[in-house]
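Participant: Next one to model:
(chains A, B, C and D, ligands or ions: 4)
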Amino acid sequence: MKSKATGQKSVAQATNTRLDRRTSLALYRQMLVIRRCEEQLARSYQAGFIPGACHTYIGQEAVATGVCAHLRPDDAVFSTHRGHGHALAKGVSVRRVIAELFGKATGCSAGRGGSMHLFAPEVGMMGTSGIVAPCILQATGAGYSFKLLKTDRVGVAFFGDGAVNNGAFHEGLNMAAVWELPTLFVCENNMYATEVPFASATRNQDVASRAAVYGLPGVAVDGNDVIAVYKAAGEAISRARAGGGPTLIECKTYRTRPHAEGMRDAGYRTVEEIEAWKARDPIPHFRAHVMATGMASEDECDQIDAEVKTLIEDGLQFAMDSPWPDPATALDHVYSTGK
Amino acid sequence: MKSKATGQKSVAQATNTRLDRRTSLALYRQMLVIRRCEEQLARSYQAGFIPGACHTYIGQEAVATGVCAHLRPDDAVFSTHRGHGHALAKGVSVRRVIAELFGKATGCSAGRGGSMHLFAPEVGMMGTSGIVAPCILQATGAGYSFKLLKTDRVGVAFFGDGAVNNGAFHEGLNMAAVWELPTLFVCENNMYATEVPFASATRNQDVASRAAVYGLPGVAVDGNDVIAVYKAAGEAISRARAGGGPTLIECKTYRTRPHAEGMRDAGYRTVEEIEAWKARDPIPHFRAHVMATGMASEDECDQIDAEVKTLIEDGLQFAMDSPWPDPATALDHVYSTGK
Amino acid sequence: MRELTFTAAAHEGLAEEMASDPTIFVVGEGIGRRGGNFNTTTGLYDLYGPERLRDTPICERGFVGLCVGAAMTGTRPVVDFMFIDFILDAMGELINQAAKMQYMSSGRLKMPLVLRGCIGVGGASATHHSGSYASIFVHLPGFRVVIPTTPYDAKGLLKTSIRSDDPVLFLEHKSLLNTKGPVPEGEYTVPFGQASVCRQGTDVTVVAIALMVKKTLEVCEQLVQEGISVEVIDPRTVAPLDIDTIIESVHKTGRLLIVDETFAPCAIGAEVAAQVMDRAFDDLDAPVRRLNGVQTPVPYSAPLEAAVVPQPPAIAQAIRDVVAE
Amino acid sequence: MRELTFTAAAHEGLAEEMASDPTIFVVGEGIGRRGGNFNTTTGLYDLYGPERLRDTPICERGFVGLCVGAAMTGTRPVVDFMFIDFILDAMGELINQAAKMQYMSSGRLKMPLVLRGCIGVGGASATHHSGSYASIFVHLPGFRVVIPTTPYDAKGLLKTSIRSDDPVLFLEHKSLLNTKGPVPEGEYTVPFGQASVCRQGTDVTVVAIALMVKKTLEVCEQLVQEGISVEVIDPRTVAPLDIDTIIESVHKTGRLLIVDETFAPCAIGAEVAAQVMDRAFDDLDAPVRRLNGVQTPVPYSAPLEAAVVPQPPAIAQAIRDVVAE
Ligand SMILES: Cc1ncc(C[n+]2csc(CCOP(=O)(O)OP(=O)(O)O)c2C)c(N)n1
Ligand SMILES: Cc1ncc(C[n+]2csc(CCOP(=O)(O)OP(=O)(O)O)c2C)c(N)n1
Ligand SMILES: [Mg+2]
Ligand SMILES: [Mg+2]
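Facilitator: Ligands and ions are numbered 1, 2, ... in the order given. Okay, here's the model as predicted:
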């Protein structure tokens, strides 16, 4: 069993690890797609195009990016209310994400879901959820299927610190450990559940340490360091594919925007804290790393930035132009038989 | 925080601790009352006087006895399907326990409950439960009340190893720890949940070790050693009364009869295992200790045995003679207003 | 009389009860300093601190179970679910524990437990934040189920709920929270089991639930123009249900429609229909009709969301249809 | 034809399906080597091992959530709850997750999930082992609810349940488990949504649920002596509900009684009554009546237990009363 200490050591290693150019640029690009898409969604929310909730992933992009870089379309991701980043990183197009938040028929959930219900099983995005914690159990179940079916596919749950004190965490991790399921548990510990600090919800804020209780490896990584996440997830996913069972990865990170658009940003946390984390923004940090290591020039990075800008503009236009769902379809697919 | 190691040391200490004569005889008597009452219930079950389930506590008497010896009637105990021993130790009379299992109007639940629903709030027996695990949360809630009401009362949950992998364990212990509630969690680890071995339900069978995860003290004791249980519970309850918060005590013990009367005893466990534990029977062991330490002579012990025998015979006769509940009362007390 | 919003009126009820009874405490996520996602507890933390305004981890089952134990031992918990959808993880603690403790203890235990949260379809809340679930708690013994629709009732019924020794579901439709209405200054309560006849009429009785009361009242004037006089009844509490008031009205009108945005099967409308048939069959000039939301999870997008719950034109049409029979 | 018990017939159905589809697995407590508290899986562990007969920790929410995820990813879980009462901790996973996945994914996901367990009052099981809860799942969209009453139906409907891509509640009344009945040797299934007319009659229709089918049939001969001819309908699946068969019968008899041991409010009886009134008002010669268990937790002691559910004399009397109106 890997100890937390080992896990932390692997962070240190990770930042020294050099990824190849191709991987690096892909990670950079993916984080930027998420960031720009979220920024666009925040603007669209303010402009009134998003009728429901909108929880952005800004500040946490390194997590989804670093983990999903190892996943294939037939691996299964189960996510939360803060799931845009997971969906994008798992391969859902910007078009279909924006269109979904707009409530359009072309959205990845055909307008049925919005921000908290992004479904694209064709690329292994098995859904985000408006309820905290079920994703943990469902990813465990995906692991169960993949083991029973004798494949090397993996199930991945993304969840916040808020889910850690929920019974589903306890039950899910225990079952995954005792049955050695190919499941990856990714906790994005951003220190708050809405406005309630993690510190007031538990005496033990060290999430990775909890893995040992169930008998699975627990690793804590800097969730704002995409290389660290990439490295830890890579190890865990290889182990899972090889039959080595589940892993818990705690990514220590921060959301720099309010819990949801339209909510207040501070009050429950200090402006200094927010600023300190903004200074640790995973994207410029990694961009600088990419350039410093000579993997890409500033021009090349700018080029990616421009492509991403176009991609988001295209996605927005697509969402704007898309039709509304037909009310006559409101009753479709409640049952498998159609009725 | 007390470590598990400390906890185990306190076991060792405990067996060397000499209790006073009065306490010792009370513990002996209490264990014997439970044992003889259970034996009677088993016989009555076979004779057809108990229409529903009957889960005996035989082999585990030291746990309820050692813990409840420290409790006052205004402390609150919440228990499980295997709760006869807890009820008796908390002060419910043999008469009312036997009558309840017989389904008589004079039973502690007026015949409404049977084996799995023993209620006597007037002595702090807040109920046994046919559902595994809610007792953990309810005892946490009692702790919440007692703290809010600024009393020194404590809430106590008894539960089996089977409840440990349930989300209620996780949620309850976390809340009790973070809010420092006067609650005692007593896990009776008898190694099986019905016929499923604890070893196949989790990779971590060391229940006491789990306390650290939530930031509360965890202690493992020999649950067949009433002195060890008495000592550990005493410390934990004093701490709780003094505002020092909750404790988890794991009592390693064994049920020597089937899960419930009428079920098979072996098949899922070996006869050797059962016999080995029978050899560790808490009652003769403690009787020998009492005599060896000169606290009571064999005659005095025999005298207690005889009193207990009479008590059980009286309880049985009482149950036999008691009336059935009046069907016209079946709808009473669904609501506080009576309607 | 002064006007308050539904939220402000309910808040006042909670604040008054907490001031007079120190054994009341509230648990929920963000109900401490934050004052609640729906401003249910604004300002109370400053008065009463964390023990009585307890921010919880996200463990609905856990804190409901805790509150069950607390209610058994001398305190009076109020669970603030924010959205009532989050109650589902706590169903075991409610159905098998809270609802049965008084019965199993032959009344020696009480269960003063309030379970409050927002219900209803609206505002693109999507399928995990649009539930109601009232009918489930009506089905099962042991619960009181309160669905106020005016600020006056919100305050008066919340006070009654907090004082009740039974587990009470207090369900607040999110589209009613900002509606205003008269609320007197002084102390008052509204009892359980008394329906309110919101509008007198002679041709047809409409029993409407939650937001549907407002939507039904909106179409009544139009129907008067058409010569249809509608009596509108808001049960206010669906357990206990004031069936007498409904039957009295049906005795007068001979026709009954139940409008409820939740799912039809085995719901309040079916229960009212069955009871009215049972007790007033001969009064009925036409079959009792129901108008419900459609049998599907609640979708997000506006055109879909609007299609799954009764809208005023559909309500008006359903009333016309019942009258035409 | 050979006779099997209800349990043996259902077991055969499960065994056949597991033999033909390796993606089916069962989870539950003691369903591995032990073969299930109610012998639901006897012998299957030896054939298929722990991965397909999975003994679980006592974490109903957890293993139901696991099965939801499994059903989304290519396998076909069967959850064996032993007693259906234990389903309550998993309500969130069922109502908000299992029942909504197909809808939210516009049919791209399937949810082949069977939830089986024993229901019903009897044998001094007391309040935590006597529940039914069918009406809750009928109320909510997304579920199939199956309540077989004969060995033939138990096998045929379990096979249909396992093959269904919807979440199915498969509810087995514990007092029916040992009843015997004919079961053919060869392959067959029983479709959802087809009621069975267990007894033909002309004076009154009785729709009975679960054990009440048997109890009702027991009194029919006596009633014939009294000149009352009873038609007894067993819906077999209550979601979907075969209302057409019921209405056809009421068209003939003009009278309807629903007998269900579970709580009356917002239950299947109310739904049947409301639908029959809605669609066959003019056929009714008397109001539809319901006979249900009383609205209380289930007590343990025999005299109390017998008092809370309909017994044959009460059923006979309710039938006489409906006919007399
Ligand atoms: C079961 C449940 N309870 C409450 C909520 C309301 N809620 C939505 S998000 C949230 C906080 C989640 O915090 P965390 O898991 O840390 O994720 P983060 O928002 O920080 O990404 C809460 C309480 C919910 N969605 N589900
Ligand atoms: C929630 C729930 N699931 C399943 C059961 C069925 N059941 C009754 S006792 C039991 C085993 C309990 O084991 P444990 O907690 O170790 O207590 P023990 O019987 O060993 O004293 C089970 C599974 C139940 N009562 N409640
Ligand atoms: Mg968080
Ligand atoms: Mg055990």
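Participant: for the chain, what spans make up the helices?
Facilitator: You didn't say which chain, so I picked chain A. For chain A, applying DSSP state H gives helices covering A:4-16, A:21-46, A:61-68, A:84-90, A:94-102, A:134-148, A:167-178, A:198-201, A:211-214, A:226-241, A:271-278, A:282-292, A:298-321.
Participant: was after chain C, sorry
Facilitator: Assigned by DSSP H, chain C shows helices spanning C:6-20, C:44-52, C:60-71, C:91-92, C:101-104, C:134-139, C:151-163, C:211-225, C:243-253, C:268-280, C:302-308, C:312-324.
Participant: What lies in contact with the fourth one?
Facilitator: Going back to what we said before, that points to helix C:91-92. Where contact means C-beta atoms under 8 Å, 6 or more residues apart in numbering or on different chains, the residues beyond helix C:91-92 that reach it are B:131, B:134, C:61, D:60, D:88-89, D:91-92. Heads up, the C-betas are built off the backbone N, CA and C, glycines and all.
Participant: where does the stretch 1-150 of chain A dip in pLDDT?
Facilitator: The model of the stretch 1-150 of chain A has pLDDT under 70 over residues A:1-17.
Participant: Mean neighbour count and mean pLDDT added to the helices of chain C, as JSON lines?
Facilitator: What follows is the helices of chain C, written out as JSON lines (neighbours: other C-beta atoms under 10 Å in any protein chain shown; pLDDT from 0 to 100):
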{"stretch": "helix C:6-20", "mean neighbour count": "21", "mean pLDDT": "98"}
{"stretch": "helix C:44-52", "mean neighbour count": "15", "mean pLDDT": "98"}
{"stretch": "helix C:60-71", "mean neighbour count": "31", "mean pLDDT": "99"}
{"stretch": "helix C:91-92", "mean neighbour count": "26", "mean pLDDT": "98"}
{"stretch": "helix C:101-104", "mean neighbour count": "27", "mean pLDDT": "98"}
{"stretch": "helix C:134-139", "mean neighbour count": "27", "mean pLDDT": "98"}
{"stretch": "helix C:151-163", "mean neighbour count": "24", "mean pLDDT": "98"}
{"stretch": "helix C:211-225", "mean neighbour count": "19", "mean pLDDT": "98"}
{"stretch": "helix C:243-253", "mean neighbour count": "19", "mean pLDDT": "98"}
{"stretch": "helix C:268-280", "mean neighbour count": "25", "mean pLDDT": "98"}
{"stretch": "helix C:302-308", "mean neighbour count": "20", "mean pLDDT": "98"}
{"stretch": "helix C:312-324", "mean neighbour count": "18", "mean pLDDT": "98"}
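Participant: which residues touch residue C:209?
Facilitator: Taking C-beta under 8 Å, 6+ apart, one finds C:134, C:147, C:234-235, C:238, C:258-262, C:268 in contact with residue C:209.
Participant: picking that back up, so for ligand 2, which of the helices of chain A sits nearest?
Facilitator: For ligand 2, the closest of the helices of chain A is helix A:167-178, at 11.8 Å, according to C-beta to the nearest ligand atom.
Participant: what about the closest one and chain C, any contact?
Facilitator: Yes - using C-beta under 8 Å from any C-beta of the partner chain, helix A:167-178 comes into contact with chain C via residue A:167.
Participant: can you state the direction angle for that helix and helix A:134-148?
Facilitator: 20 degrees (axes from the mean of the first three to the mean of the last three C-alpha atoms, to 10 degrees).
Participant: Quick one: name the residues of the stretch 1-150 of chain A near chain D.
Facilitator: By C-beta under 8 Å from any C-beta, the residues of the stretch 1-150 of chain A that approach chain D are A:76, A:78, A:109-110, A:112-113, A:117, A:119, A:121-122, A:126-127, A:129-131, A:134, A:136-149.
Participant: so which of those also contact chain B?
Facilitator: Applying C-beta under 8 Å from any C-beta to the residues of the stretch 1-150 of chain A next to chain D, one finds that nothing falls near chain B.
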